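# missing the sequence, but the structure's below:
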């Protein structure tokens with residue numbers, strides 16, 4: 001959190017101008033702004049050195065869950081520098097209680113914090129950041145970018161803030177980590193909602209069962225075999241049910257109905273309402289997932305296959321990409337390179353600056 005020394009010292013941003021990052025060929029500046037609760041939030045603004053920009057487009061990056069502004073594996077900082085180098089303005093920041101910003105995080109279990117974020121904890125701070133950024137840099141349009149908890153936060157913020165022109169949602173979760181009234185918590189079996197993910201789990205499990213060392217660990221009680229069996233049987237159940245459904249459906253069975261909801265006990269209704277409300281204003285969204293991420297297949301089975309079916313009314317508003325060999329946080333360098341290309345192409349298509 002910021003203190004008085006910060007205010008009169010290093011973080012007195014009124015006295016700081018943009019500095020040149022020669023390695024990335026962009027300009028960078030630390031900033032402080034006040035949110036609607038009166039707390040001072042810390043961020044960084046990145047901008048291009050190019051002068052011939054026809055339209056100023058800014059991207060606000062929200063933290064993923066409880067990590068601070070640089071993101072997992074410094075990805076937020078890297079994508080900010082990459083996009084600013086090619087002409088976009090970018091801002092990442094710490095919401096209240098995170099990193100260098102004022103505010104306090106309550107003492108509670110981590111999964112409860114995740115659930116708070118999935119229900120919109122960062123919503124107001126994102127809107128305040130976007131308004132400050134747009135005014136500070138005199139931007140024409142604002143796009144929000146977030147990973148995981150940052151993605152759902154950006155969606156919730158944009159759903160009722162029509163000044164937000166676009167969304168880049170990476171690995172967005174559609175299940176809550178905890179549903180208090182139902183006493184439903186996260187467990188691995190509950191994430192198995194499609195045959196794609198079930199097969200990715202089942203095949204390695206069957207291979208392990210052919211290994212004598214696995215059985216040795218089971219008999220020595222070195223493996224949580226009850227949890228493993230739960231995952232095993234859930235995988236079988238999902239694969240069987242999906243194949244039966246595929247056989248019983250005809251081509252005309254699927255008719256668009258926005259009221260079709262997932263029956264999963266932890267399905268985030270706020271996600272569903274927010275994305276439909278966002279689509280209703282004809283704004284663009286980019287979804288990107290990692291193929292090795294279970295959230296990819298939960299999104300597909302619980303939302304995409306139910307709502308984003310052929311001939312749905314939002315067909316021209318969204319693009320969905322799944323990156324091979326990428327995990328939830330796109331930690332591999334090759335995953336980040338591919339992700340950067342997808343984001344850059346989408347921005348240049350829908351938010352061109354030249």
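Received it, and whenever you're ready, just let me know what you need. Since we're looking at a predicted model, the values are computed, not measured. Numbers count the residues shown, from 1 in each chain.
# And the strands in the stretch 151-300 of the chain?
164-170, 178-179, 184-185, 284-290 (DSSP state E, counting those that start in this stretch).
# State the paired neighbours of the second one in the sheet, together with their directions.
Taking DSSP bridges as the criterion, strand 178-179 sits next to strand 184-185 (antiparallel) in its sheet.
# average pLDDT for the strand it pairs with?
When pLDDT is averaged over strand 184-185, the result is 62.
# And the nearest residue to residue 273 once chain neighbours are set aside, how far from residue 113?
Spatial nearest neighbour of residue 273, chain neighbours left out: residue 159 (7.5 Å); criterion: CB to CB, 6 or more residues apart in numbering. For glycine as for every other residue, the C-beta is placed from the backbone atoms N, C-alpha and C. From residue 159 over to residue 113 the distance is 21 Å, taken as CB to CB, to the nearest Å.
# likewise residue 262?
Applying CB to CB to residue 262 and residue 113 gives a distance of 23 Å.
# Repeat that for residue 102.
Distance of residue 102 to residue 113, given as CB to CB: 18 Å.
# distance of residue 34 from residue 44?
17 Å.
# the more surrounded of the two?
Legend: neighbour count by other CB atoms under 10 Å for residue 34 and residue 44, higher for residue 44 (19 against 12).
# Mind telling me what element that one is part of?
strand 40-48 (DSSP states H and E).
# Partner strands of that strand and their direction?
By DSSP bridges, strand 40-48 pairs with strand 26-34 (antiparallel), strand 89-93 (antiparallel).
# re earlier: what's the closest of the strands of the stretch 151-300 of the chain to residue 241?
Of all these, strand 184-185 sits nearest to residue 241, with 20.2 Å by CB to CB.
# Any stretches of the stretch 1-150 of the chain with poor pLDDT?
Filtered on pLDDT under 70, the stretch 1-150 of the chain yields the residue ranges 1-15, 51-52.
# one step back: turn the strands paired with strand 40-48 into TSV, columns for distance to residue 302.
Converted to TSV, those look like this (distance: least, CB to CB, whole Å):
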stretch	distance to residue 302
strand 26-34	36
strand 89-93	29
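# Quickly note the distance from the spatially closest residue to residue 61 that is not a sequence neighbour to residue 354.
With sequence-adjacent residues excluded and distances taken as CB to CB, 6+ apart, residue 61 is closest to residue 92, at 4.1 Å. Residue 92 is 24 Å from residue 354, where distance means CB to CB.
# mind checking how far stretch 23-36 is from the chain centre?
22 Å (CA atoms, centre = their mean, to the nearest Å).
# And it, what's buried?
24, 26, 27, 28, 29, 31, 32, 33, 35 (16 or more other CB atoms under 10 Å).
# contacts for it?
2, 11, 13, 16-21, 40-49, 81-82, 84-85, 91, 93, 96, 124-125, 128-129, 132, 136 (CB atoms under 8 Å, 6 or more residues apart in numbering).
# now swap in stretch 299-306 and tell me
Contacts for stretch 299-306 (CB under 8 Å, 6+ apart): 172, 174-175, 193-194, 196, 260-262, 264, 267, 271-272, 275, 287, 289, 320.
# what about it, how long is it end to end?
Chord length of stretch 299-306, first to last residue, is 10 Å (CA to CA, to the nearest Å).
# What mean pLDDT does it get?
Rounded mean pLDDT across stretch 299-306 is 95.
# Report all helices and strands that the longest helix along the chain contacts.
Ordering each helix of the chain by length in residues (DSSP state H) puts helix 225-248 first. Applying 3 or more CB pairs under 8 Å, 6 or more residues apart in numbering; DSSP states H and E, one finds that helix 225-248 contacts helix 195-209.
# again, only using 10 Å
helix 195-209, helix 212-219 (3 or more CB pairs under 10 Å, 6 or more residues apart in numbering; DSSP states H and E).
# The longest one: which residues count as buried?
Along helix 195-209, these residues count as buried under the neighbour rule (16+ other CB under 10 Å): 195, 196, 197, 198, 200, 201, 202.
# Next one: the closest residue to residue 296 other than its chain neighbours from residue 349, what distance?
Spatial nearest neighbour of residue 296, excluding adjacent residues (CB to CB, 6+ apart): residue 289 at 3.8 Å. The spacing between residue 289 and residue 349, counted by CB to CB, is 19 Å.
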